[in-house]
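Colleague: One predicted model, sequence on top.
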Amino acid sequence: MAETITIIDDRTGKQVTVPIAGGAFSSAALRELDPKLRMYDPAFLSTAACKSAITYLDGDAGVLRYRGYPIEQLAEKSNFLEVAYLLLNGELPTDAQNEKWIYDVTHHTMIHENMRKRFVDGFHHDAHPMGMFVSATAALGTFYTDAKDIDGTDSLHKQTLRLIAKSPTIAAMCYRFSMGLPFVSPNNSLDYSANFLNMMFRIGDDYRINPVLTKAMDLLFILHADHEQNCGTTTMRVVASAHADPYSAAAAAASALYGPLHGGANEAVIHMLQGIGTIDNVPAFIADVKAGKGRLMGFGHRVYKNYDPRATIIKKAAYNVFEVTGKNPLLDVALKLEETALKDDYFVSRKLYPNVDFYSGLIYQALGFPVEMFTVLFAIPRMTGWLAHYAELLQDSDQKISRPMQWYTGVDSRDYVAINKR
Ligand code: ACO
């Protein structure tokens, strides 16, 4: 079978045949037919905007791999910092590389005092932590004179290290501020996830972090580290294509993640479950969704038309957490919703399955996080994915500044009318 595609312009009879590689053909074919011809593809449903060697996902089969490694294996055998190294460098670290990587991240976790005193303290007392995280990420770049030096590999590596190491510190700082609690400094003797939980929840001297809960936190970080060209990562790439510094680009990506159709869905799921209240109310809620009165949050995905593999892993992990914390009372409502939806033709025919956000909120809540922090918990590990894509884009000679075309539907040319004549 020929691995080519032939496009005929019926207006002119002109045709062009181009190769298909990796399931894609170059849009240069269209420009060859007619330089003014546009492919109308709102939301990029059929457009590959880049090549990428970072994450593979097959939405129909429910497969997710980071640099070729199945997410299930990484979730079971790896840890977040090792996964971060893998995403950024393409290979799992050797012992020596791992040791250096952990040392470097651990020794970049501190934040300039003015970040807290002058910047974070300036927020209104009830500011949303994700809004604070977005702004603080952008502000962080202003503390480093080399932030914009993205051409030098060493400098870019330094910015990457800073953003990955300081994201948990910023997140915890925003939380402590919103709770009116004193800031807890990073503790270099703790690993990435334990240090984050310590900065979040330590009150007094006798705080002990439960290893089961630390493992659950680390697992959630692994599962959220990357997910190829989603809305936030695409934002990161678009901003990076203008060669903006990684702090500004990451702040833009985090803003996209903030939206309830994206990373904000985990927060929306808990509000939805609380609104439903008990399993008796599930059928009425599902009927409302089918009647178009709102969506079943945590269900459906642009790419997964099967069970999101991350949701399977999270659902299992939830039970380990609940053994320590006691069962989240909303779990029964979630299970009933899933069971009802997966038997209902509305959801089955549209291939709507639980996504990563359906069960993650239940664990976050059991770990003691307020719902407003949920999207921040997503942003911390996703920072790694964003930065991997940022570096990949800068090294890709096919890339230029992003600049989509449009299909103009406005008024044709007309003359200005003076205000007294309108
Ligand atoms: N509940 C009810 N119906 C839904 C849902 C849902 N959660 N998701 C999609 N549908 C329906 C749509 O109404 C549409 O029906 P129609 O064909 O009769 O018009 C059909 O399924 C297709 O939906 P689209 O909106 O076209 O699908 P799209 O790929 O654009 O949306 C999205 C994907 C945004 C994730 C959507 O499924 C959704 O809104 N889900 C709820 C929010 C959510 O959980 N987001 C988290 C996604 S994971 C992440 O970002 C980390």
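Modeller: It's in.
Colleague: contacting residues for Val376?
Modeller: Listed by CB atoms under 8 Å, 6 or more residues apart in numbering, the contact set of Val376 reads 129-130, 133, 171, 174-175. Where you see a C-beta, it was placed from the backbone N, CA and C, and this is true even at glycine.
Colleague: how does it look with 6 Å?
Modeller: Contacts for Val376 (CB atoms under 6 Å, 6 or more residues apart in numbering) come out as 129-130, 133, 171.
Colleague: Check Leu64 too.
Modeller: Leu64 makes contacts with 57, 71, 309, as judged by CB under 6 Å, 6+ apart.
Colleague: who wins for neighbours among those?
Modeller: Ile71 (24 neighbours; other CB atoms under 10 Å).
Colleague: Tell me who's in contact with that one.
Modeller: By CB under 6 Å, 6+ apart, the residues touching Ile71 are 64, 309.
Colleague: Tell me how far it lies from the ligand.
Modeller: 14 Å (CB to the nearest ligand atom, to the nearest Å).
Colleague: can you check Pro246 too?
Modeller: Pro246 is 21 Å from the ligand, by CB to the nearest ligand atom.
Colleague: Can you verify my assumption that that residue contacts His157?
Modeller: No - using CB atoms under 6 Å, Pro246 is not in contact with His157; the gap is 10.8 Å.
Colleague: Comparing those two, which residue is more hemmed in?
Modeller: More neighbours surround Pro246 than the other of Pro246 and His157, with 28 against 14 (other CB under 10 Å).
Colleague: What residue, apart from its backbone neighbours, is nearest that one spatially?
Modeller: Sequence neighbours aside, Gln159 is the residue nearest to Pro246 in space, at 4.9 Å (criterion: CB to CB, 6 or more residues apart in numbering).
Colleague: Equivalent analysis for Met130, please.
Modeller: Nearest to Met130 is Thr375, by CB to CB, 6+ apart, at 4.6 Å.
Colleague: So for that neighbour, what's the pLDDT?
Modeller: Predicted confidence (pLDDT) for Thr375: 93.
Colleague: same thing with Asp95?
Modeller: Predicted confidence (pLDDT) for Asp95: 98.
Colleague: Number of residues surrounding it?
Modeller: Per other CB under 10 Å, the neighbour tally for Asp95 reads 7.
Colleague: Next one: it from the ligand, what distance?
Modeller: 34 Å.
Colleague: what does Met39 give?
Modeller: When distance is defined by CB to the nearest ligand atom, Met39 is 18 Å away from the ligand.
Colleague: Can you check my assumption that that residue lies in a strand?
Modeller: No - assessed with DSSP: H, G, I helix; E, B strand; the rest coil, Met39 is coil; it does not lie in a strand.
Colleague: Pull up the per-residue confidence for it.
Modeller: On pLDDT, Met39 comes in at 93.
Colleague: ok, it - how many residues close by?
Modeller: Met39 has 10 nearby residues by other CB under 10 Å.
Colleague: cool, Asp146 as well?
Modeller: 14.
Colleague: so where do the helices sit in the stretch 51-200 of the chain?
Modeller: 71-77, 80-89, 95-106, 113-114, 129-140, 153-179, 192-201 (DSSP state H, counting those that start in this stretch).
Colleague: Which of the ones you listed has the lowest mean pLDDT?
Modeller: Set side by side, those show their lowest mean pLDDT on helix 113-114, which sits at a mean of 92.
Colleague: quick revisit: please point out which parts of the strand or helix carrying the residue nearest to Met130 sit buried.
Modeller: For Thr375, the element it lies in under DSSP states H and E is helix 374-395. Residues of helix 374-395 classed as buried by neighbour count (16 or more other CB atoms under 10 Å): 374-394.
Colleague: and the contacts of Val376 as a markdown table, adding neighbour count?
Modeller: Formatted as a markdown table, the contacts of Val376 follow (neighbours: other CB atoms under 10 Å):
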| residue | neighbour count |
| --- | --- |
| Pro129 | 27 |
| Met130 | 25 |
| Phe133 | 25 |
| Ala171 | 25 |
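Colleague: What residues does the stretch 151-300 of the chain have near the ligand?
Modeller: Proximity of the stretch 151-300 of the chain to the ligand, by CB under 6 Å from any ligand atom, involves residues 261-263, 265, 289, 295-300.
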